[in-house]
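1. I need the structure of the sequence given here:
(chains A and B)
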Amino acid sequence: MLEPLGKKRIPAPLIFRRGVLTENPLLVTMVGICPAVAAVSLRVSLIISGISWLFILLSALAATLILKKAARWVRVIVYFLIGLAVIAPADYLLEKYFTDIRVSLGIYLPLLAANSLVALHNEKISVRSDLRNSFLSSFTTGAGYSIVIILTGFLRELFGSGTVFDKPVSFVPESQALLMPFGGFVVLGFLAAVLKKLLMRIYPSTAKTLNIDITPTPVTIKFKPESDTEEDATQIETASKINGQEVSAEQPEEQSSSLQKEDEQNEAVAPECETDGDSGSESGQNNEESVEGDIVPLEEKDSITESSETVGSNNDSDAEEVLEKLAHFLDDLDKELSAQGGDEQ
Amino acid sequence: MTNTASKDTLAAKEPKEYLNLLIMTIGPLVIGWFYYGFRAPALAAVCAATAASCDFAGSLIIKSRKSSYDFGALFTGIAIALMLPASFSFVQAAIGSAFAIIVCKLPFGSSNNSPFLPAAAGFAFLCLCWPDEVFNYPQIVARWDFLPKDTAFMPGVSLAAMLKHGNAPAMMPLTALNVFIGNVPGPMGTGSVLVLAAASFYYVFTRPATLLKSLGMLFTAAVFALIFPRIQAGAFPRVLFELCSGSLVFASLFLLSDSSIQNQNSLALFLYGALAGLITMVLRHVGVFEEGVCFGVLLTSAFWPLFEKLFSTALKQTSKIVKKASSQQGGEANA
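-> Just a heads-up that it's a prediction; the model follows:
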């Protein structure tokens, strides 16, 4: 999902939008999730985010300035070494001055040195970009990463321990399960859902290109060729009622008028054609089904109906022309034959 | 958990299935009312109302429209309440129900799509959050009161706790009848095996396949109790106490009956239940909590795709072999 920035001068707000929102490493690309599990409180999450941010920045600068011509396997090793150079002193200081925080971080602090986000971001972007783009990208990616970690830590501390910065919040019941690793994943999942919903609203085109479209796909209509009346023929059914009839080029002329009516009604009907509750999460699947099966997406349906109308009308006019030509040819043939017969006689 | 086609058919069946399950919970609810007073149905009502409200609100937020209301949320709420002690806090019970619906049901569309059983997940969440309160069962004082009363519950010792601590002498005064009818401290609606067995008669006539899973679970638990006893007692009391403690029978009948786990293969169903029983008993032996049936059910549900794959392949291979054999026999007869 990460795209290299290259050496073109890309506006800083666009890079910021990519790093924090549309390509957020934790909520959209889902890279480097492990430290989020350790973010059980605001204090811990601030430390994790600070170390991670510094690590991302330093390794990106190293990748851009020094490591562009190095072999990939060398670069990856250097990233990890930079990580260790950041984390080892931090570990020492935490153990000396903030022992309780170091204990709560556990194995996750050393694991930060092997953060997959750093390797991925540097290999995809930093190595292939100039200094400005690389710095801005790593800065904003680190910011997006840190914001989510802090938010996760805040929510888990609030609902898990009933405190904020170790100060009790009386109106929130403590659910200690949220302090367990699965609590981190649950919080991340809901944050990802919220971000995707926001992205779909604020940047719909970007969200679509990133394949994070969670809006239900509108699905449309079928015809009832066996219906007697025009009213029945124009009946529009939702996707759940479609039994396997597709729009074909052999639609009778009576129904071609209904096509136009349905085209007009499409926009009104489409929002009502959402599938059930899981439609949001399974929109991609619905797309596949609609292409393969009987359910036709709105845009495709439009093209199909248009083509069916034109093909149908062209076929009729062509047939009439051919028949006329055939009739003329037969008349001419008769005349020639009769003329030849008269000559022979 | 299941393929798309079966999901569609299951989704159509869902409301009826859950309505029937809801009807089946009336018996345990009444017995809970009898033993623990009005607080038992009140707790169930709170859980059910919370679950239904969360389901409704979530459906509005994610804009999912259903052709008919499924009673899954109501059943989830009541099932969670039945596994709790009657003295459990209303707020905490509501949080458990809300977790089951918001985290384990709504993101997946419906209970059939969810890889977790919402009721089991909700109870497991409560166990992790407030273990002391969840396993603090009150003593039974039969108080068939129809109106809410301000009654104080005295702490009691459940069968599961006695088994966990290997407290055989304390269990000996218990009679089999008391254990069968649930006249022992424990979860408010899952202790009375007699009532649960009566409720399970519904399955005999409607979904006998579901009983295979339940039987598999109970059979394995019984065998496990015989081989690895937790108390020094005779074979019958060992098995009886193990089966009647906690929510084992309730889970085997109500949680394993989840409609997304359906298969025509009887052996697969029985083995699935057996695996659930095995995991539950292992958790009872080595787990932190005195009751691990919900964790057992949740873990077992992770194995269901494997069961489906294994048994569908086995069935295909068997049918191929049978066809080959029959065609060979036919060829020989013709010759």
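2. Wait, a helix at B:Asn229?
-> Asn isn't right for residue B:229; it's Pro. No: the assignment for B:Pro229 is coil, going by DSSP: H, G, I helix; E, B strand; the rest coil, so no helix is present there.
3. What residues does it make contact with?
-> B:Arg238 (C-beta atoms under 8 Å, 6 or more residues apart in numbering or on different chains). C-betas here are computed from N, CA, C, even on glycine.
4. Can you pull the phi and psi angles for the closest residue in space to A:Ser41 that isn't next to it in sequence?
-> Take A:Ser41 and drop its neighbours on the chain: the residue closest to it by C-beta to C-beta, 6 or more residues apart in numbering or on different chains is A:Glu157, 4.2 Å away. Per-residue torsions, A:Glu157: phi -70, psi -40 (degrees, to the nearest 10).
5. Return the list of helices and strands in contact with the helix or strand where B:Ala100 lies.
-> If you go by DSSP states H and E, B:Ala100 is part of helix B:90-104. On a contact count with 3 or more C-beta pairs under 8 Å, 6 or more residues apart in numbering or on different chains; DSSP states H and E, helix B:90-104 meets helix B:39-61, helix B:72-82, helix B:118-129.
6. Tell me, please, the helix or strand in chain A that averages the lowest pLDDT.
-> One helix or strand of chain A scores below all others by mean pLDDT, DSSP states H and E: helix A:283-292, with a mean of 40.
7. sorry, back to before: of the helices and strands packed on helix B:90-104, which is nearest B:Leu22?
-> Closest to B:Leu22 of the helices and strands packed on helix B:90-104 is helix B:72-82 (C-beta to C-beta; 5.3 Å).
8. Neighbours of B:Ala274, how many?
-> 21 (other C-beta atoms under 10 Å in any protein chain shown).
9. Can you tell me the element it falls in?
-> Using DSSP H and E, B:Ala274 falls in helix B:266-286.
10. Please settle this for me: is A:Leu26 part of a helix?
-> No: with three-state DSSP as the criterion, A:Leu26 is coil rather than part of a helix.
11. ok, back up a step: please verify my assumption that the residue nearest to A:Ser41 contacts A:Lys167.
-> No: the criterion here is C-beta atoms under 8 Å, and A:Glu157 misses it with A:Lys167 at 10.1 Å.
12. neighbour count winner among these two?
-> A:Glu157 (24 against 6).
13. so how far is chain B from the more buried one?
-> 15 Å (C-beta to the nearest C-beta, to the nearest Å).
14. Enumerate every residue touching that residue.
-> So A:Glu157 contacts A:40-42, A:163-164 (C-beta under 8 Å, 6+ apart).
15. ok, 10 Å please
-> A:39-45, A:163-166, A:169, A:178-179 (C-beta atoms under 10 Å, 6 or more residues apart in numbering or on different chains).
16. what does B:Phe241 give?
-> B:159-160, B:162-163, B:168, B:171, B:174, B:176, B:179, B:184, B:225, B:229-231, B:233.
17. Which strand or helix spans it?
-> Short version, using DSSP H and E: B:Phe241 is in helix B:235-244.
18. by how many degrees do that helix and helix B:266-286 diverge?
-> 100 degrees (axes from the mean of the first three to the mean of the last three C-alpha atoms, to 10 degrees).
19. Can you point out the buried residues in helix B:235-244?
-> B:237-244 (16 or more other C-beta atoms under 10 Å in any protein chain shown).
20. Between the residues you listed, which sits nearest chain A?
-> Closest approach to chain A among the buried residues of helix B:235-244 (C-beta to the nearest C-beta): B:Glu242, at 27.4 Å.
21. Correct me if wrong: B:Ile181 contacts B:Gly27.
-> No: using C-beta atoms under 10 Å, B:Ile181 is not in contact with B:Gly27, being 11.9 Å away.
22. anything in contact with each of these two?
-> What both B:Ile181 and B:Gly27 touch, as defined by C-beta under 10 Å, 6+ apart, is the set B:192, B:194-195.
23. Can you name the residues that contact residue 96?
-> Answering for chain A, as no chain was given. A:Arg102 are the contacts of A:Lys96 under C-beta under 10 Å, 6+ apart.
24. hmm, I had chain B in mind actually
-> By C-beta under 10 Å, 6+ apart, the neighbours of B:Gly96 are A:175, A:177, B:47, B:50-51, B:76-77, B:80-81, B:83-84, B:88, B:119, B:121-127, B:129-130, B:134.
25. neighbours around the nearest residue to B:Phe108 once chain neighbours are set aside, how many?
-> Excluding its sequence neighbours, the residue lying closest to B:Phe108 (C-beta to C-beta, 6+ apart) is B:Ser114, at 4.0 Å. B:Ser114: 23 surrounding residues under other C-beta under 10 Å.
26. And A:Ile15, by the same measure?
-> 23.
27. How about B:Gly27?
-> When neighbours are counted by other C-beta under 10 Å, B:Gly27 comes out with 18.
28. wait, it sits on B:Leu194?
-> Yes: with contact defined as C-beta under 10 Å, B:Gly27 and B:Leu194 form a contacting pair (9.4 Å).
29. where's the dip in pLDDT among the contacts of B:Phe241?
-> By pLDDT, B:Met171 ranks lowest within the contacts of B:Phe241, coming in at 66.
30. So which of the shared contacts of B:Ile181 and B:Gly27 wins on neighbours?
-> B:Ser192 leads the shared contacts of B:Ile181 and B:Gly27 on contacts (other C-beta under 10 Å) with 28 neighbours.
31. Model confidence score at it, please.
-> For B:Ser192, pLDDT reads 85.
32. Kindly report the same for B:Leu43.
-> 93.
33. With B:Pro115 instead?
-> pLDDT, B:Pro115: 75.
34. Enumerate every residue touching it.
-> Going by C-beta under 10 Å, 6+ apart, the list of residues near B:Pro115 reads B:1, B:104, B:108, B:121, B:260, B:298, B:301-302, B:304-305.
35. And for A:Ser41?
-> A:47, A:101, A:104, A:153-154, A:156-158, A:160-161, A:163-166, A:179.
36. Among these, name the buried ones.
-> Here, 16+ other C-beta under 10 Å leaves A:47, A:101, A:104, A:153-154, A:156-158, A:160-161, A:179 buried among the contacts of A:Ser41.
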